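**Q** Below is the structure, and that's it, no one-letter string:
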């Protein structure tokens, strides 16, 4: 499930992923939030806090995620991914190659650092 993270600086959109994440989560939470942020700021600074394993994203969720990346392709500025998984750095490297912005992985106890990095 994806839930929007509240209390972030206005120009940062963030979601928390828990349990199973499916295409409805992305359609109803991720895509509207990304579109709102892109329209308001003409760029996307995105925080993803993974409190579930990446394997819990369904195939439909990955399709919607790819759609989100393509729809807002030129708007990506920064992506911060917070996860306990060791592969998160590889995951963020893929984002950097696939989008024009930069991305960086953070450990679960580094959420404040991730937000600070997104602000700059």
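**A** That came in fine, so what should we check first? All values reported here derive from a predicted model rather than from experimental measurement.

**Q** Which residue ranges of the protein form helices?
**A** 23-25, 31-41, 59-71, 88-98, 111-119 (DSSP state H).

**Q** Quick check: buried residues in the second one?
**A** Of the residues in helix 31-41, those scored as buried under the neighbour-count criterion (16 or more other CB atoms under 10 Å) are 31, 33, 34, 35, 37, 38. Glycine gets a C-beta too; all of them are placed from N, C-alpha and C.

**Q** And the last one, by the same measure?
**A** By neighbour count on 16+ other CB under 10 Å, the buried set for helix 111-119 is 111, 114, 115, 117, 118.

**Q** The last one: what's it in contact with?
**A** Neighbouring residues of residue 118 by CB atoms under 8 Å, 6 or more residues apart in numbering: 9, 12, 45, 46, 47, 78, 80.

**Q** List the contacts of the second one.
**A** The contact partners of residue 12, taken as CB under 8 Å, 6+ apart, are 37, 45, 46, 47, 115, 118, 119.

**Q** cutoff 10 Å now
**A** 5, 37, 41, 44-47, 77-78, 80, 114-115, 118-119 (CB atoms under 10 Å, 6 or more residues apart in numbering).

**Q** Likewise for the first one?
**A** Applying CB under 10 Å, 6+ apart, we find residue 9 in contact with 45, 47, 115, 116, 118, 119.
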